[in-house]
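Engineer: here is the input, now give the coordinates:
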Amino acid sequence: MLIDYDVAVTMSDGARIYADVFRPDGCEPVPAIVCWGPYGKHAPVSYDLFPNHGVEPGWVSAHAGFEAPDPVYWCAHGYAVVNVDPRGMWNSDGDATFYSAQETRDACELIEWVGTRPWCTGRVGMSGVSYLAIIQWHVAAQRPAHLAAINPWEGLSDRYRELAYHGGIPEDRFGPMWRERRVAFSRGRVEDTVANYAAHPLFDDYWQSRTPQLSAIVTPALVVASWSDQGLHTRGTIEGFRQIASEHKWLLIHGRKKWQWYYRPESVELLRAFFDQFLRGVDRGVQRWPRVRFEVRDRFYVGEWEQRDTWPPADVSHRALHLDLERGALSERAPQRESEAAYDAREGSLTLEHRFAADTAIVGSMKLRLWVRAEGSDDMDLFVAVRKLDRSGEPVGFSFFNSLQDGPVALGWLRVSHRELDPERSTPERPWHPHRSEARLAPGETVPVEIEIWPSGTRFSAGESLRLVIQGHDTYRYPPHIVCCGHSRTRNAGAHVVLAGGRFDSHVLLPVLGNR
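Structural biologist: Predicted coordinates:
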């Protein structure tokens with residue numbers, strides 16, 4: 001393997017960004033894989049920030065960048081790997097901005113530079129996890145000439161809804177950690193994302209400029225998502241697959257640990273088959289793959305795989321479970337008598353359960369419709385969790401946020417002043433909130449809200465139960481050293497009141513797969 005460290009690549013405005021180029025020791029040109037991320041092209045792979053991450057030492061060499069392909073493997077199979085420090089990161093010139101038009105232009109110019117090197121065949125791919133996946137949506141939408149395939153492996157596609165403001169509620173744990181501990185290394189200036197998020201609480205031009213035009217993407221794509229990244233990449237990765245216009249696109253959704261799934265040898269071989277097909281022109285049977293494969297989980301690291309031609313699966317039907325507040329249950333029949341339940345807005349919760357009489361697989365996004373009233377505030381921040389209980393009533397945990405094992409089936413959020421729906425993008429099964437304005441509550445005002453519960457895939461056997469939790473704070477709260485999402489700046493005070501029955505049709509809508 002030949003390694004060229006700190007290769008200066010000059011952008012069209014004269015700024016130099018630096019790349020490390022790994023390529024096979026030979027004379028023949030090869031296709032290249034570009035890895036674009038802010039974490040340091042020279043940095044050794046270390047996932048110790050997340051205990052129990054599951055990446056085996058023998059899976060990754062010291063040459064691999066964080067969340068990036070391993071050059072030792074790929075060079076041995078006839079590929080070059082290019083690790084890049086973007087503008088303003090580490091020793092690269094300029095100021096760093098994230099997912100901006102400037103960064104996107106730089107990445108496109110870098111891809112064109114790679115594609116015209118004498119050691120490259122002119123066919124360039126992109127791969128990587130998280131940031132290295134997100135940037136692929138932005139770059140592919142610009143259609144650089146030499147970009148021939150992309151592999152967004154768990155990368156959100158809507159930074160406002162999927163990271164900074166869940167349901168309009170500001171996220172203030174993961175975001176500050178990322179800015180302070182992961183992307184502060186520069187000889188220039190680094191965008192203060194924490195300040196920018198706070199300055200833009202509604203979806204405005206700032207957020208629009210950081211949102212990729214997914215429908216413009218026509219590049220062949222192998223998209224990988226997980227049920228386990230609730231609050232980070234789950235929703236946006238699946239939404240990216242849905243919206244891109246690529247004729248050749250595949251979706252794989254697992255319920256496991258993110259990095260472990262990326263680096264496991266079987267996943268690397270799967271990715272090589274995809275890149276061989278579209279970067280080398282070798283028929284690896286990719287065109288015969290099912291377009292969508294997903295895991296239906298039973299419990300932590302136990303599940304069965306299904307395959308379909310579309311997402312959402314065509315054989316999903318929607319079933320409503322109605323809130324029966326008097327019984328603390330979710331019922332297939334709507335209660336005729338109106339009732340209400342109140343809980344402390346800051347620390348209390350409302351819990352309702354449904355025991356399944358037959359095996360049921362829930363696959364896709366759920367929707368929670370509630371009638372609510374605030375007592376003591378002019379707004380409400382609602383946190384929703386769906387959990388699974390075994391036949392004895394004990395919670396069943398799932399993989400969660402890279403390394404945790406007590407995670408939910410799915411999560412949802414909504415700031416009630418953001419309850420407005422986009423009539424064109426909303427469907428009966430899934431609400432779409434524009435988040436462009438606020439409507440505070442008048443004293444005593446009761447309003448209906450619709451809450452999107454992020455996609456999931458879980459099997460409930462007969463006798464097992466679904467638990468719905470509604471409250472005014474994070475359902476999962478961990479010690480400070482555990483990396484996860486959090487929301488401490490809520491508008492909650494006094495009590496939350498939920499109404500159901502009669503005129504108040506409060507229910508959760510479940511996407512049920514086939515007849516199961």
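Engineer: start and end of stretch 138-158, how far apart?
Structural biologist: Criterion CA to CA, to the nearest Å; first-to-last residue distance in stretch 138-158 is 11 Å.
Engineer: tell me which residues touch the spatially closest residue to residue 265 that is not a sequence neighbour, please.
Structural biologist: Nearest non-adjacent residue to residue 265, counting by CB to CB, 6 or more residues apart in numbering: residue 59, 6.8 Å away. Every residue, glycine included, has its C-beta placed from N, CA and C. Each residue near residue 59 by CB atoms under 8 Å, 6 or more residues apart in numbering is listed here: 70, 263, 264, 265.
Engineer: of these, keep whichever come out buried.
Structural biologist: 70, 263, 264 (16 or more other CB atoms under 10 Å).
Engineer: among the residues you listed, which are located in helices?
Structural biologist: The helices, defined by DSSP state H, take in residue 263 from those.
Engineer: now the host helix or strand of residue 225: how far from the chain's centre is it?
Structural biologist: According to DSSP states H and E, residue 225 maps onto strand 221-226. Taking the mean of its C-alpha atoms, strand 221-226 sits 10 Å from the chain's own mean (CA atoms, centre = their mean, to the nearest Å).
Engineer: do stretch 359-378 as well
Structural biologist: 20 Å.
Engineer: for it, what is the average pLDDT?
Structural biologist: For stretch 359-378, mean pLDDT rounds to 98.
Engineer: now stretch 194-212
Structural biologist: The pLDDT scores in stretch 194-212 average 97.
Engineer: so which residues of the stretch 351-500 of the chain form helices?
Structural biologist: For the stretch 351-500 of the chain, no helices are identified by DSSP state H, counting those that start in this stretch.
Engineer: and the chain, what are its domains?
Structural biologist: 2-289, 316-513 (automatic domain parsing).
Engineer: the longest helix along the chain: which residues count as buried?
Structural biologist: Using DSSP H, we find that the single longest helix of the chain is helix 101-115. Using 16+ other CB under 10 Å as the test for burial, helix 101-115 gives 102-111, 113-115.
Engineer: next: stretch 239-252.
Structural biologist: Residues 239, 240, 241, 244, 246, 248, 249, 250, 251, 252 are the ones in stretch 239-252 that count as buried (16+ other CB under 10 Å).
Engineer: and of those, the nearest to residue 318?
Structural biologist: Using CB to CB, residue 239 comes nearest to residue 318 of the buried residues of stretch 239-252, at 18.6 Å.
Engineer: returning to that earlier point: tell me the strands beside the strand holding residue 225, with direction?
Structural biologist: Using DSSP bridges, strand 221-226 pairs in its sheet with strand 147-153 (parallel), strand 249-254 (parallel).
Engineer: want to throw those into TSV with distance to residue 401 and mean pLDDT?
Structural biologist: TSV is the format used below for the strands paired with strand 221-226 (distance: least, CB to CB, whole Å; pLDDT from 0 to 100):
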stretch	distance to residue 401	mean pLDDT
strand 147-153	16	98
strand 249-254	14	98
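Engineer: state the pair within the buried residues of stretch 239-252 that is farthest apart.
Structural biologist: Farthest pair in the buried residues of stretch 239-252 (CB to CB) is 239 and 248. Separation: 18.8 Å.
Engineer: sorry, back to before: ok, and what's touching the strand holding residue 225?
Structural biologist: Contact with strand 221-226 is made by 140, 149-154, 233-234, 237-238, 240-241, 244, 246, 248-256, 258, 261-262, 267, 270-271, 274, 399, as judged by CB under 8 Å, 6+ apart.
Engineer: tell me where the stretch 351-500 of the chain has strands.
Structural biologist: Remark: strands assigned in the stretch 351-500 of the chain by DSSP state E, counting those that start in this stretch are 360-375, 381-389, 395-396, 398-400, 404-407, 410-415, 446-460, 465-471, 495-500.
Engineer: can you classify residue 125 by secondary structure?
Structural biologist: Following DSSP: H, G, I helix; E, B strand; the rest coil, residue 125 is assigned to strand.
Engineer: low-confidence regions, the stretch 51-200 of the chain specifically.
Structural biologist: Residue ranges of the stretch 51-200 of the chain with pLDDT under 70: none are present.
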